[in-house]
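> output the structure for:
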Amino acid sequence: MEDRKKLDWSSFTVNIPLDISKDKIIEAWMTPKALENWFLRLAEFSTPSGEKRKREEKIQPGDSYRWQWYGWPESTEEHGKILNPEQGEFLRFVFGKSGIVGIKIVEENKQTILRLIQENIPQDEESRMNFFVGCKTGWTFYLLNLKSILLNGPDLRNKRSELQMD
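Numbering: from 1, shown residues only. Modelled structure (predicted):
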C-alpha cells in the first residue's frame, strides 16, 4: 500500500479565480451592506466601544459581529471578532467556534485568485465534520456566489424561508 500523507483537519484553503479588480473584490467584504449582497442575510458589526456600525461603514479590527444566513432559522447565527490582518491578508476574523479565517488576494500564473484559509479548527470528531467539512463546503458555495454577483450573474442563495437548510 502507498504511504499516504495524513490529512490535516486543523485548516483548509479555498481558492477562486476572479477576473475582477482587487479593489472591487476587497470592497465586497468590508461593509455590512456589501456582505449582505452575496454572503449573509444579516451582517451587524459593533465597534469595540459597542457602537453599531452603519450599513455602509467599513469594518475595522476590534469590531465584533453577528451574522445570519438565508435558508437558516434566525436562531442560527454566528458571533465573532474582526482581527488585525496578517501578512498579505485584507481581512481576518474569528469565525465563532470554528477557527480563524484569513482572506487575501494572490496572483498566480497571471490570474487573480481570492484565497480563503480557515485555521485553528478544533480537532474533535464533531468539529472535523461541522467545521472542516461543513465550513469548507459553505465557503466554496459562498465564494462561487461572490464571483457570480461580481460578474453581474444571479444570486445563487436560497432566499425562500420555507426551504430551511438545517
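> where along this protein do the strands fall?
Per DSSP state E, the chain carries strands over the ranges 12-17, 42-46, 64-68, 77-83, 89-94, 100-108, 111-119.
> the lengthiest helix in the chain vs strand 100-108, what angle?
Assignment by DSSP state H gives helix 134-150 as the longest helix of the chain. Angle of helix 134-150 versus strand 100-108, following axes from the mean of the first three to the mean of the last three Cα atoms, to 10 degrees, is 50 degrees.
> shaky segments in this protein?
Confidence mapping of the chain against pLDDT under 70 gives the ranges 1-4, 161-166.
> how about CSV for the strands of the chain, with distance to L35 and mean neighbour count added?
Placement of C-beta: from N, CA and C, glycine included. Output for the strands of the chain, formatted as CSV (distance: least, Cβ to Cβ, whole Å; neighbours: other Cβ atoms under 10 Å):
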stretch, distance to L35, mean neighbour count
strand 12-17, 16, 16
strand 42-46, 4, 18
strand 64-68, 8, 19
strand 77-83, 12, 17
strand 89-94, 10, 18
strand 100-108, 12, 16
strand 111-119, 14, 18
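> no further queries at this time; thank you.
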